[in-house]
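Chemist: Give me a model of this one.
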Amino acid sequence: MYLLYNCILVLLYPLLLLTSLFIPKARAHLAARKATLRMLLEFPFVIGTRQVVWLHGASVGELDQARAIAKILKEKHPTVFILQSIFSQSVSESQRQDANFDICFHLPFDLPFAYQKIIQKYRPEILMILAWDTWPNLIRDLKNSGSKTYLACASLSESSGRTRGFGKFLTKSVFKYLDGIFPSHEILSSTFLPLLSENTKFEVLGDSRFDAVLNRIETNHPSPRFQNFLKLYTKEISESKPILLGSTYPICESYFLDHLQNNSDTKQSYWIFPHKWEELRMNEFANALQKKGIVTKFSDLVDGNKSYPRFLLFDEMGILAFAYKYALLAYVGGGFEHRIHNTIEPAAFGLTLITGPKINNAPEAIVMQKLGGLFVCQDKSEFSSQLVKCTQNEKHTSEIGAKNRKFVLENRGASERIYLRVFSDALS
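Modeler: Have a look, this model is predicted:
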């Protein structure tokens, strides 16, 4: 399987190089990896002076899981050196910043021998991949170099290509090089078990993202601009708790406009956080919303010289996680696109959740659906009817949201369990 996989990679890589000449995004991918590899090799590190742990997460959600692991590692072993790799270009510079990461870098493309120079320089004692981003050559090269290799907060959907055909055979080959696989939830066990070798340790230890989210909302503070906004409009917000639409895509906004067209409630206010702020799209969206009430961008409202709007469009990053605290309920985007976004943050504030059908990437969302705290809508009709149901009985909606908060609090502590299982005896 590895031979076939590497043959495919070797054939595809020249195409990527060619594509980068014409497509800026591909060029950025290559440039980021070249720059970070150079930075890694130039970093002043002496083998043997510090124990090294390599954490890897694909994107923002997995980086949250890694943060929680890194935090507990630094608390218990202040001198441990943490290499943190990511793959996605969508992770911003500010999101990569964390005092517990000694170096945060883009993972090289998973070509044969792509990691040899990094391994030779840092000699990681442990590689821990978060969630699902199990690059075959990364895992095999680290294992063959003497590192312990783990997949923690592990997640695998039944519909994943890794559970059938070539993907299944390759995944089984990769999992043979893992010392342990620790799923985030019990409901995932049946998906993993057919892929395991006899020697791979398997135990449900939970999802460290719960720890990361709770730590962030309990210890951090929103931006001064948002705090000032809350002071200026305290009365309006308390009198009409907003419905929060988080991480919206064009399809979400289209469904929402249809909902407004077919429902006459003019008192309900809304806070809307687009997944990406695209000026042209958001201007068109705002123009359509104006037929139903006052629309204002957050950046235009913070000085307090405008009336509190019915529709508030947030054009500033870093607010969403704290805005949930003031909402009546939350729609979480991504479910009508490729995969649902973060549901732990709104659940931590005790909100009832609504989303689209694509939740298989998020075990916590599946569990909350089973608990009755998250409603999955298949189309715009169900989206609209669910919004109506949740706003007609606010007391019942609040009781449903309380189940979600209870679920989040009960899942705290995965970082400690992972630490005890993997790191406590391995690190001095």
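
Chemist: now G413: how far from L205?
Modeler: According to Cβ to Cβ, to the nearest Å, G413 stands 9 Å off from L205. C-beta coordinates here come from the backbone N, C-alpha and C atoms, glycine included.

Chemist: quick one: which of the two has more around it?
Modeler: The residue with more neighbours, out of G413 and L205, is L205; 23 against 14, by other Cβ atoms under 10 Å.

Chemist: Let's verify that one: helix, strand, or coil?
Modeler: What DSSP: H, G, I helix; E, B strand; the rest coil gives for L205 is coil.

Chemist: how about the chain, which residue sits the furthest from its center?
Modeler: Distance to the chain centre peaks in the chain at N305, reaching 36.0 Å (criterion: Cα atoms, centre = their mean).

Chemist: Just to be sure, that residue is in a helix?
Modeler: No - counting by three-state DSSP, one finds N305 to be coil, located in no helix.

Chemist: now the helices for the stretch 151-300 of the chain?
Modeler: Taking DSSP state H, counting those that start in this stretch as the test, the helices found in the stretch 151-300 of the chain are 165-175, 189-192, 209-219, 224-232, 234-239, 250-262, 279-289.

Chemist: so which of these comes closest to F298?
Modeler: With Cβ to Cβ, the closest approach to F298 among the helices of the stretch 151-300 of the chain belongs to helix 224-232: 7.2 Å.

Chemist: list the buried ones in the closest one?
Modeler: Neighbour counts over helix 224-232 (16 or more other Cβ atoms under 10 Å) mark R225, F226, F229, L232 as buried.

Chemist: Hmm, L289 is touching N283, no?
Modeler: No - L289 sits out of contact with N283 when judged by Cβ atoms under 8 Å, with a separation of 10.7 Å.

Chemist: neighbour-wise, which of those two wins?
Modeler: For L289 and N283, the more surrounded residue by other Cβ under 10 Å is L289, and the numbers stand at 21 against 12.

Chemist: what sits against N199?
Modeler: K176 (Cβ atoms under 8 Å, 6 or more residues apart in numbering).

Chemist: cool, and N6?
Modeler: Residues near N6 by Cβ under 8 Å, 6+ apart: L111, P112, N137.

Chemist: Quick check: of these, which has the highest neighbour count?
Modeler: For the contacts of N6, counting by other Cβ under 10 Å, the largest number of neighbours falls to N137: 20 neighbours.

Chemist: That one: which element?
Modeler: helix 136-144 (DSSP states H and E).

Chemist: so how many other residues sit close to the closest residue to E345 other than its chain neighbours?
Modeler: Among residues not flanking E345 along the chain, A321 sits closest, at 4.9 Å (Cβ to Cβ, 6 or more residues apart in numbering). Around A321 there are 19 other residues, counting by other Cβ under 10 Å.

Chemist: Tell me if A321 really is in a helix.
Modeler: Yes - counting by three-state DSSP, A321 is part of a helix.

Chemist: thinking again about what came up before, can you add pLDDT and distance to L9 and give the buried residues of helix 224-232 back as CSV?
Modeler: Below are the buried residues of helix 224-232 laid out as CSV (pLDDT from 0 to 100; distance: Cβ to Cβ, whole Å):
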residue, pLDDT, distance to L9
R225, 91, 46
F226, 94, 45
F229, 93, 49
L232, 90, 55
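
Chemist: what's the closest of these to S147?
Modeler: F226 (42.6 Å).

Chemist: and the gap between that closest one and R405?
Modeler: On the measure of Cβ to Cβ, F226 and R405 end up 22 Å apart.

Chemist: Could you do K34 as well?
Modeler: For K34 relative to R405 (Cβ to Cβ), the value is 45 Å.

Chemist: now do E125
Modeler: Applying Cβ to Cβ, the value for E125 to R405 is 38 Å.

Chemist: how's the protein carved up into domains?
Modeler: Per automatic domain parsing, the domain ranges recorded for the chain read 50-208+413-423, 220-410.

Chemist: my guess is K325 contacts F349, does it?
Modeler: Yes - with contact defined as Cβ under 8 Å, K325 and F349 form a contacting pair (5.1 Å).

Chemist: Just want to know which of these two has more residues nearby.
Modeler: Higher neighbour count among K325 and F349: F349, with 20 against 16, using other Cβ under 10 Å.

Chemist: Contact partners for D211?
Modeler: Listed by Cβ under 8 Å, 6+ apart, the contact set of D211 reads A68, K71, R412, G413, A414, S415.

Chemist: let me fix that: L328
Modeler: Taking Cβ under 8 Å, 6+ apart as the test, what L328 contacts is K241, P242, I243, L244, L351, C390, T391, E394, T397.

Chemist: now S90
Modeler: Residues near S90 by Cβ under 8 Å, 6+ apart: S59, V60.

Chemist: pLDDT score for F322?
Modeler: Here the pLDDT value assigned to F322 is 95.

Chemist: The closest residue to it other than its chain neighbours and A321, how far apart?
Modeler: Excluding its sequence neighbours, the residue lying closest to F322 (Cβ to Cβ, 6+ apart) is P222, at 3.9 Å. P222 sits at a distance of 8 Å from A321 (criterion: Cβ to Cβ).

Chemist: And H221, by the same measure?
Modeler: Separation of H221 from A321 (Cβ to Cβ): 11 Å.

Chemist: So the residue nearest to F322 is in contact with E316, correct?
Modeler: No - P222 is beyond contact range of E316, at 10.1 Å (criterion: Cβ under 8 Å).

Chemist: Is there a neighbour count for S20? I'd like the number.
Modeler: As a burial measure, S20 scores 16 neighbours (other Cβ under 10 Å).

Chemist: I misspoke; the intended subject was E416.
Modeler: 17.

Chemist: tell me the average confidence for the strand or helix carrying it?
Modeler: E416 is part of helix 414-418, with elements assigned from DSSP H and E. Helix 414-418 carries an average pLDDT of 97.

Chemist: again with stretch 182-191
Modeler: On average, stretch 182-191 scores 89.
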